[in-house]
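In: Whatever this is, show me its structure:
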Amino acid sequence: MHVKITPINHISSPDEITSQVEVAKNPDVEVDSAAIVLTPVLAQSAEDVRDKLIASGISEKDVADASAWARRPKE
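Out: Below you'll find the model as predicted:
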């Protein structure tokens, strides 16, 4: 089965392909030799994100400090 690549590099796939997989709005893309591999990114809940932050050792204070740093007045 073939897909169409438009002049502005958009990929258009037939319904036969997209109906067989869970289509993500913004999939992860990898290039493996000469193949382009699209992997669906599933939506995560806020609780899933919190669990990942905790597992990574990032605390609420770390997030607050990072937000304050990012919002500081620029020199």
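
In: Could you use CA atoms for every contact and neighbour count after this?
Out: Noted.

In: residue ranges of the helices in the protein, please?
Out: Applying DSSP state H to the chain gives helices spanning 15-18, 46-55, 60-70.

In: okay, the ones you listed in a markdown table with distance to Pro27 and mean neighbour count next?
Out: Shown next, in a markdown table, are the helices of the chain (distance: least, CA to CA, whole Å; neighbours: other CA atoms under 10 Å):
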| stretch | distance to Pro27 | mean neighbour count |
| --- | --- | --- |
| helix 15-18 | 12 | 10 |
| helix 46-55 | 18 | 12 |
| helix 60-70 | 26 | 11 |
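
In: Same list (these) but as JSON lines, adding distance to Lys25 and mean pLDDT.
Out: Shown next, in JSON lines, are those (distance: least, CA to CA, whole Å; pLDDT from 0 to 100):
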{"stretch": "helix 15-18", "distance to Lys25": "12", "mean pLDDT": "83"}
{"stretch": "helix 46-55", "distance to Lys25": "18", "mean pLDDT": "86"}
{"stretch": "helix 60-70", "distance to Lys25": "27", "mean pLDDT": "93"}
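
In: wait, which of these is closest to Ala34?
Out: helix 15-18 (19.6 Å; CA to CA).

In: Map the structural domains onto the sequence of this structure.
Out: 4-39, 44-75 (automatic domain parsing).

In: Using TSV, please lay out the helices of the chain together with distance to Pro40.
Out: TSV is the format used below for the helices of the chain (distance: least, CA to CA, whole Å):
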stretch	distance to Pro40
helix 15-18	11
helix 46-55	17
helix 60-70	27
